[in-house]
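> Need coordinates for the following:
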Amino acid sequence: MKLKTFLIEHLRLCKQVAHFDPFHRPRGQRTFNKIFEVGSPKTGTTSLGNAFKKLALTRKGWDPYLYEQCKRGDFTETFEVANMFDTFVDGPWHDFDLYQELDRRFPGSKFILLERDLDEWSISHEKYFSADINASGIPPAFLIRNYKEMQKQIIAEHLEKYKNVKAYFNKRPQDLLIMNVCRGDGWEKLCPFLGFSTVSSSFPCDNKSSAGSLRVRHG
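Residues are numbered from 1 along each chain as shown. Now for the predicted structure:
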């Protein structure tokens, strides 16, 4: 009963955020269904999410509860929540090869793959997720123990994921945007991809460390 009550409350809060955004852009003013970020953590997803907000699109970001549900193989509530928002960044949306099922369930959607220099990404990923460092103080459940021993595997899985995403959209280049916000990609790429006029304000560049690299939340 407690779990059922939690599920109901979780969905209620998601609906509240999605349906009562005063800046929400009506569906009739856009040519796509939804937008899903499908890359890896530590690539600038917070900046992208804030860019969506500037474009008056509702967004759903990192959700540890849905992530754990998906990790157990239960995607039911994740797909329910996906009905409620325009845009999605971080986990679980870019995890578990979920993009393929999201593509089937939400035809006409757009997908964004955030790239980052591999060495820079690897350093940032280790600082964030290594249990020996845990520079950002994330919950222990999401830390990676023995990170150094697993680093080659982590990098290999990251590269394989990006290769698979690009292969999946190979014959549909109009549906996949590849951006590197850490290297300065911004409105000039995002707005034409979405069919929007270019925004005059600066593109969000959030969670920078003192070294100048992006420090995003879980994603």
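> three-state assignment of the nearest residue to residue 192 once chain neighbours are set aside?
Excluding the flanking residues, the one nearest residue 192 by C-beta to C-beta, 6 or more residues apart in numbering is residue 198, at 7.6 Å. Heads up, the C-betas are built off the backbone N, CA and C, glycines and all. Put simply, residue 198 is coil when judged by DSSP: H, G, I helix; E, B strand; the rest coil.
> Could I get the full set of strands for the protein?
Taking DSSP state E as the test, the strands found in the chain are 35-37, 59-60, 87-88, 110-114, 176-179.
> what's the most buried one of those?
strand 87-88 (a mean of 28; mean count of other C-beta atoms under 10 Å).
> Distance from the chain centre to stretch 161-177, please.
16 Å (C-alpha atoms, centre = their mean, to the nearest Å).
> and if you look at stretch 96-110?
Offset of stretch 96-110 from its chain centre (C-alpha atoms, centre = their mean): 13 Å.
> burial count for residue 142?
Residue 142: 17 surrounding residues under other C-beta atoms under 10 Å.
> wait, it sits on residue 128?
No. The pair residue 142 / residue 128 is not scored as a contact, 9.3 Å apart, by C-beta atoms under 8 Å.
> OK, contacts around the residue nearest to residue 192?
Going by C-beta atoms under 8 Å, 6 or more residues apart in numbering, residue 198 touches 187-188, 191-192.
> Put the buried members of those into a PyMOL selection.
Provided next is the PyMOL selection string for whichever of the contacts of residue 198 are buried by 16 or more other C-beta atoms under 10 Å:
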select buried, resi 187+191
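> Any chance of the contacts of residue 198 in TSV with pLDDT as columns?
Below are the contacts of residue 198 laid out as TSV (pLDDT from 0 to 100):
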residue	pLDDT
187	97
188	96
191	96
192	96
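> can you give me the helices in this structure?
Assigned by DSSP state H, the chain shows helices spanning 2-19, 45-54, 64-71, 76-82, 98-105, 118-129, 147-168, 187-194.
> Quick check: the residue nearest to the spatial centre of the chain vs residue 145, distance?
Nearest to the geometric centre of the chain sits residue 89, at 2.2 Å (C-alpha atoms, centre = their mean). As judged by C-beta to C-beta, to the nearest Å, residue 89 and residue 145 stand 26 Å apart.
> didn't residue 69 look like it was pressed against residue 77?
Yes. Residue 69 lies in contact with residue 77 (C-beta under 8 Å); the separation is 5.8 Å.
> where does this protein have low pLDDT?
Within the chain, the segments meeting pLDDT under 70 span 1-28, 207-219.
> rerun that using 90 as the cut-off
For the chain, the stretches with pLDDT under 90 are 1-31, 134-138, 198, 205-219.
> related to what we said a few turns ago, which of the helices of the chain is buried the deepest?
Using mean count of other C-beta under 10 Å, helix 45-54 ranks as the most buried of the helices of the chain, with a mean of 23.
> Perfect, I'm done here.
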